[in-house]
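[1] here's my sequence, what's the structure:
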Amino acid sequence: MATQGNSSLYHIDAGILKENACVVLVKTEWNAAVVDALEAGCKTVFDQYKIRYRTIVVPGAVELPFAIKRHWERNRDTAEAPDAFIALGCVIRGDTPHFDYVCNSVTQGILQLNLMLPVPTIFGVLTVNNEEQAQERIGGKHGHKGEEAAITALKMIHS
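    All right, here's what the predicted structure looks like:
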C-alpha cells in the first residue's frame, strides 16, 4: 500500500522547472467533493511553482481519456497546447462489477494516451473501496494524491 513516507516524490529541484509550463486538469463530476479536493491539491502545487493550468470537467471517469485526446487534437498546434494532462476522478466500489469495468477502462485509456501523445497524462484517479479510503487520500494518512499528481506532472514535463 502506498504511504506518504515511502517515496522521494516531494523532492523537486525547482531549477529544472520549465518556464510558462501549462497543465490541463481534466476532472469528473462524480464524487465531486473528493475530486474537487484533488484539484485543489494540484492547484496548490502549481501556484507554488507558478505553473499555468486550466480545468476541463467531464461527467465521469470513462470520459476522461476522450476529453484529453480531444483537447490535445484541438490545441496541439496552438499556444494553448499543454505540456501535460492530469486526469482526476474518484471511483468508489459498489455492489456490482461496474467498478471493475470503469477502473479498467480509465486505466487503459490513460495508458494509451501516454503511449500516443507527446506529452504525459498523469493518472490522478482514486479507485477506492469506500468514502473513508478516498478521504485518506486527499490529505489523510495516505497523503494528498492531488498534490502528488501535480508534482508527477512537473517531473514528467522536465524529464
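[2] scan the protein for its longest helix.
    helix 98-116 (DSSP state H).
[3] strand partners of the next helix or strand after it, parallel vs antiparallel please.
    The helix or strand immediately downstream of helix 98-116 is strand 121-128, counting by DSSP states H and E. When pairs are called by DSSP bridges, strand 121-128 turns out to pair with strand 84-92 (parallel).
[4] re the thing from before, report the angle between the longest helix of the chain and strand 84-92.
    Counting by axes from the mean of the first three to the mean of the last three CA atoms, to 10 degrees, helix 98-116 lies at 170 degrees to strand 84-92.
[5] buried residues, helix 98-116. List them.
    Within helix 98-116, the residues that count as buried by 16 or more other CB atoms under 10 Å are 99, 102, 103, 105, 106, 107, 109, 110, 113. For every residue, glycine as well, the C-beta is placed using N, CA and C.
[6] report all helices and strands that that helix contacts.
    If you count contacts as 3 or more CB pairs under 8 Å, 6 or more residues apart in numbering; DSSP states H and E, helix 98-116 packs onto helix 64-75, strand 84-92, strand 121-128.
[7] now find how far off-centre stretch 12-29 is within its chain.
    Its chain's average C-alpha position is 11 Å from that of stretch 12-29, according to CA atoms, centre = their mean, to the nearest Å.
[8] only the buried residues of it, if you could.
    Neighbour-count burial for stretch 12-29, counted by 16+ other CB under 10 Å, picks out 12, 21, 22, 23, 24, 25, 26, 27, 28.
[9] now that stretch - C-alpha only, CSV.
    Output of stretch 12-29 as CSV, limited to C-alpha atoms (Å, rounded to 0.1, in the frame of the first residue of the first chain):
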residue,chain,number,x,y,z
ILE,A,12,11.6,18.8,-6.5
ASP,A,13,14.6,20.5,-8.0
ALA,A,14,13.0,23.9,-8.7
GLY,A,15,15.9,24.8,-11.0
ILE,A,16,14.7,22.4,-13.7
LEU,A,17,11.1,23.7,-14.0
LYS,A,18,10.0,24.8,-17.4
GLU,A,19,9.0,28.4,-17.6
ASN,A,20,5.5,29.0,-18.7
ALA,A,21,4.6,25.3,-18.4
CYS,A,22,0.9,24.7,-18.8
VAL,A,23,-1.1,21.7,-17.4
VAL,A,24,-4.6,20.8,-18.2
LEU,A,25,-6.6,19.2,-15.4
VAL,A,26,-9.5,17.0,-16.6
LYS,A,27,-11.8,16.2,-13.7
THR,A,28,-15.0,14.2,-13.3
GLU,A,29,-18.4,15.4,-11.9
